[in-house]
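Enquirer: sequence and predicted structure, then a few things I'm wondering about:
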Amino acid sequence: MNNYKVLLVGGGTGWILEEISKLKRNNVSVVYVEKSLKMIELSKKRNYENISVEFVNEGIEQYKTDKNFDVILTPFLFDNFMEKKIQFVFKKLDALLSKKGFWLYADFTDDAMNKQLWKKYLLKTMYAFFSLTANIETQRLVNVRPYFADKYEMVSEQLYYRHFIQAVAYRKIK
């Protein structure tokens with residue numbers, strides 16, 4: 001029986017822990033790296049069973065481990081960073097993912113479809129709000145697809161809200 005090691009980066013309120021728990025596997029261990037102590041406290045109150053969770057209260061930039069992971073989840077992580085930090089974080093996460101491991105990426109899209117006025121307005125409003133409340137460092141989306149291009153194959157992709165949000169499953173090939 002395999003033990004599945006999952007790295008959840010920026011898990012927010014922890015709803016993903018409940019979804020992982022619904023898989024009904026007893027051999028899943030999750031390392032939950034979250035910068036916000038308040039989000040960790042909310043996550044600990046979630047109803048997740050049959051998985052072990054290690055909570056780490058720090059940004060992924062500071063996180064250190066000698067573990068390798070079978071799955072990495074980055075829900076709405078990269079939209080918080082400027083290009084230089086994205087490069088650093090991507091490289092770090094890539095090194096932590098086992099060969100043939102899966103990276104589940106979900107975030108806002110940076111494509112031609114976002115030229116629509118409502119998407120521009122919503123993004124601008126969100127960035128203004130989060131720069132005041134969460135001290136994020138950027139005001140624009142960066143296209144991260146090129147980072148995955150050489151070492152990953154896309155397994156599946158789903159687009160939501162008229163191509164405003166994407167969820168992509170990648171598999172590491174190199």
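Expert: Perfect, I can see it now.
Enquirer: by residue count, what's the longest strand in this structure?
Expert: strand 97-108 (DSSP state E).
Enquirer: for it, which outside residues touch it?
Expert: Contact with strand 97-108 is made by 7, 68-79, 93, 114, 123, 141, 144, 148, 152, 155, 164-174, as judged by Cβ atoms under 8 Å, 6 or more residues apart in numbering. From N, CA and C alone the C-beta is placed, and that goes for glycine too.
Enquirer: sheet partners, orientation included, of it?
Expert: Using DSSP bridges, the strands paired with strand 97-108 are strand 69-75 (parallel), strand 165-172 (antiparallel).
Enquirer: let's have those in TSV, adding mean neighbour count.
Expert: TSV is the format used below for those (neighbours: other Cβ atoms under 10 Å):
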stretch	mean neighbour count
strand 69-75	20
strand 165-172	17
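Enquirer: could you dump those strands to JSON lines with mean pLDDT and distance to residue 47?
Expert: JSON lines is the format used below for the strands paired with strand 97-108 (pLDDT from 0 to 100; distance: least, Cβ to Cβ, whole Å):
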{"stretch": "strand 69-75", "mean pLDDT": "97", "distance to residue 47": "19"}
{"stretch": "strand 165-172", "mean pLDDT": "94", "distance to residue 47": "23"}
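Enquirer: any chance of TSV for those, columns distance to residue 85?
Expert: Shown next, in TSV, are the strands paired with strand 97-108 (distance: least, Cβ to Cβ, whole Å):
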stretch	distance to residue 85
strand 69-75	13
strand 165-172	20
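Enquirer: re the thing from before, put the alpha carbons of the longest strand of the chain into CSV.
Expert: C-alpha atoms of strand 97-108 as CSV (Å, rounded to 0.1, in the frame of the first residue of the first chain):
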residue,chain,number,x,y,z
LEU,A,97,7.7,17.0,-6.5
SER,A,98,8.6,13.4,-7.3
LYS,A,99,9.2,12.3,-10.8
LYS,A,100,5.9,11.4,-12.4
GLY,A,101,4.2,13.3,-9.5
PHE,A,102,1.1,15.4,-10.1
TRP,A,103,0.8,19.2,-9.7
LEU,A,104,-2.8,20.4,-9.4
TYR,A,105,-2.8,24.1,-10.3
ALA,A,106,-5.8,26.4,-10.0
ASP,A,107,-5.8,30.1,-10.5
PHE,A,108,-7.1,33.0,-12.6
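Enquirer: avg pLDDT for that strand?
Expert: On average, the pLDDT along strand 97-108 is 94.
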